[in-house]
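**Student:** Okay, here's the prediction I keep looking at, along with the sequence it came from:
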Amino acid sequence: MPRKPASAKQVSQELLLSGSEERNLNRLSLVLAASRVPDTMTFWSRSWSSSDHLGVTVHVSCLASANDVVPHGIDNDILFGLTNAYLGAGMPPDNTFRVTAYQLLVYAALPIGGHSYAVIKPSLTRLRNSTFTITDSWYDRKEESYQSLSTSLVQNWKVIERRRMPSSFEDESVNADALFQVTLDPDLARSIRLGYIRPVDLNILRSLNQPLTRTLYRRLEDERNPVDRPEQQVYQTALLPWAERLGINGRPDTVRRALQTPHQQLLECGFLADVGYLGRGRNQDVQYVFARATQPPARPEAVAALTSRRITQGAALRYAAEYGLEAVLAAVERYDALLAAGYQAKSMSGLLVDILRDPLKYQTLEDVLPADRAPRLLTPAPPLPVPQDPEPGEEERSLHTAAFILRKLTLPDTLKDTATELYLRGVVTAAELASLKHEAMPAKTVLLWSTRSADPGEE
């Protein structure tokens with residue numbers, strides 16, 4: 001029997017901590033951020049000078065089909081979800097993958113519910129039927145040059161009925177198990193395979209409840225972390241051209257009112273420290289000051305290392321984000337060495353946190369172990385032997401065991417990390433890990449496993 005779809009609360013606790021976004025999509029502002037556009041808006045064309053190191057002038061236009069409008073609003077979120085679904089499917093070279101409606105919403109960081117399911121088909125249709133003409137502005141990472149192309153972003157899509165021949169269902173409503181087959185435009189898929197992507201914190205996205213706010217967040221993240229320069233603390237741009245890129249039209253006061261709520265949400269979630277306007281009238285600029293305390297998404301392997309050593313999920317997320325992967329792995333190495341040397345602590349989780357907070361205190365073991373047992377230098381515990389043939393009942397639950405089981409499985413590293421963490425926490429068994437290689441859609445299976453792990457009692 002299919003597993004019951006997770007509730008919105010469960011999805012907010014998924015172990016998918018970060019997603020990825022193809023950088024051209026944001027940089028070129030291909031999908032308007034506005035939640036609504038006029039019924040007559042079937043075309044737009046824009047040009048502006050970019051801040052790239054080559055100083056190119058961006059030229060982009062969009063033409064929708066005669067009976068529809070240009071992509072906008074939540075279409076940005078669906079396109080973001082498709083990017084992550086393509087990554088989750090292992091980036092097939094034919095650019096075609098299958099994804100359930102529920103899985104697509106998880107990848108897009110959208111709330112699970114009837115409204116979100118209802119927008120999937122119209123959104124995919126707009127993305128397929130709209131043609132973007134890009135002149136000397138699409139960045140090719142392999143060639144290191146800007147190119148011209150014409151793209152529909154989504155080349156084709158259809159709904160697949162699992163038990164029958166593939167077919168399209170124009171009038172059938174979408175539920176969690178609806179299976180979509182999607183083919184991305186070759187240039188978009190190629191750019192994703194070349195790694196021209198940027199990580200996105202899904203926890204922040206899930207906290208933002210409007211398409212305009214979510215798109216504005218991702219656009220600003222791109223400006224904060226440019227490809228060719230170090231991280232920026234301030235981004236300033238002319239207000240009206242910026243609004244035009246977002247798909248907001250009108251006088252400066254109209255634009256400022258439209259941006260008021262998105263700005264407030266980005267300030268409240270801690271992404272922005274300040275928003276200000278400089279100048280007056282049509283010549284004014286908007287200035288964004290990014291919050292220095294904003295941290296990158298917690299790395300799943302760091303979270304897994306902490307939770308497998310008795311740190312709760314909530315605390316592990318905070319420590320992994322605050323200290324980073326390198327510091328966490330170093331602390332875990334010292335912690336394992338202490339235990340291997342026989343050190344006894346009142347709280348084992350407290351010991352690991354103390355090592356993480358004060359690593360210099362544990363450079364050697366002489367001060368924390370009796371003199372007759374303390375080696376002069378702290379050395380890591382010996383590696384575990386490689387298991388020869390994991391049995392279904394064998395539950396060693398070590399990173400080494402999980403890596404051995406998953407070594408030949410074709411999955412993105414982020415999903416392997418998620419599966420590893422679920423295994424280390426006892427959510428899934430070794431037999432389930434081993435069965436992934438026989439799954440037609442292993443990424444979906446890992447996502448479904450994640451819904452088992454929601455624990456209201458965690459920090």
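**Tutor:** Everything's here; your move. Bear in mind that the values here come from a model prediction, so they are computed numbers and not experimental data. Numbers count the residues shown, from 1 in each chain.
**Student:** the helices in the stretch 101-250 of the chain, which residues?
**Tutor:** 101-108, 114-129, 186-193, 202-207, 211-224, 239-246 (DSSP state H, counting those that start in this stretch).
**Student:** Among these, which comes closest to D39?
**Tutor:** In terms of Cβ to Cβ, the element of the helices of the stretch 101-250 of the chain nearest to D39 is helix 114-129, at 13.1 Å. Heads up, the C-betas are built off the backbone N, CA and C, glycines and all.
**Student:** If you count contacts, what does that closest one end up packed against?
**Tutor:** Where contact means 3 or more Cβ pairs under 8 Å, 6 or more residues apart in numbering; DSSP states H and E, helix 114-129 is packed against helix 75-88, helix 101-108, strand 154-160, strand 179-184.
**Student:** after the lengthiest helix in the chain, next one along is what?
**Tutor:** Taking DSSP state H as the criterion, the chain has its longest helix at helix 313-340. Next in sequence after helix 313-340, counting helices and strands by DSSP states H and E, comes helix 348-357.
**Student:** Return that following helix as PDB; C-alpha atoms alone will do.
**Tutor:** The C-alpha coordinates for helix 348-357 follow below in PDB (Å, rounded to 0.1, in the frame of the first residue of the first chain):
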ATOM      1  CA  MET A 348      28.700  11.900  25.900                       C
ATOM      2  CA  SER A 349      26.800  14.400  23.700                       C
ATOM      3  CA  GLY A 350      28.000  17.200  26.000                       C
ATOM      4  CA  LEU A 351      31.500  16.100  25.500                       C
ATOM      5  CA  LEU A 352      31.200  16.300  21.700                       C
ATOM      6  CA  VAL A 353      29.600  19.700  21.900                       C
ATOM      7  CA  ASP A 354      32.400  20.900  24.200                       C
ATOM      8  CA  ILE A 355      35.000  19.600  21.800                       C
ATOM      9  CA  LEU A 356      33.200  21.500  19.000                       C
ATOM     10  CA  ARG A 357      33.100  24.700  21.000                       C
END
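**Student:** roughly how far out does that helix sit from the chain middle?
**Tutor:** Per Cα atoms, centre = their mean, to the nearest Å, the displacement of helix 348-357 from the mean C-alpha position of its chain is 29 Å.
**Student:** for it, which positions count as buried?
**Tutor:** By 16 or more other Cβ atoms under 10 Å, the buried positions in helix 348-357 come out as S349, L351, L352, V353, D354, I355, L356.
**Student:** Buried residues of the helix or strand just after that helix, list them for me.
**Tutor:** Once helix 348-357 ends, the next helix or strand along the chain (criterion: DSSP H and E) is helix 399-406. Counting neighbours by 16+ other Cβ under 10 Å, one finds that the buried residues in helix 399-406 are L399, T401, A402, F404, I405, L406.
**Student:** Touching, the fifth one and A431? I think so.
**Tutor:** Spelled out, that is I405. No: taking Cβ atoms under 8 Å as the definition, I405 is not a contact partner of A431, at 9.5 Å.
**Student:** and of the buried residues of helix 348-357, the nearest to M41?
**Tutor:** Here the nearest of the buried residues of helix 348-357 to M41, counting by Cβ to Cβ, is L356; it sits at 52.3 Å.
**Student:** My read is that the closest one contacts Y319, right?
**Tutor:** Yes: counting by Cβ under 8 Å, L356 touches Y319, with 6.1 Å between them.
**Student:** Residues in contact with both of the two, list them for me.
**Tutor:** V328 (Cβ atoms under 8 Å, 6 or more residues apart in numbering).
**Student:** May I see the helices and strands packed on helix 114-129 organised as JSON lines, with mean pLDDT, mean neighbour count and distance to D222 added?
**Tutor:** As requested, those are exported to JSON lines (pLDDT from 0 to 100; neighbours: other Cβ atoms under 10 Å; distance: least, Cβ to Cβ, whole Å):
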{"stretch": "helix 75-88", "mean pLDDT": "93", "mean neighbour count": "25", "distance to D222": "13"}
{"stretch": "helix 101-108", "mean pLDDT": "91", "mean neighbour count": "25", "distance to D222": "18"}
{"stretch": "strand 154-160", "mean pLDDT": "93", "mean neighbour count": "18", "distance to D222": "21"}
{"stretch": "strand 179-184", "mean pLDDT": "96", "mean neighbour count": "20", "distance to D222": "20"}
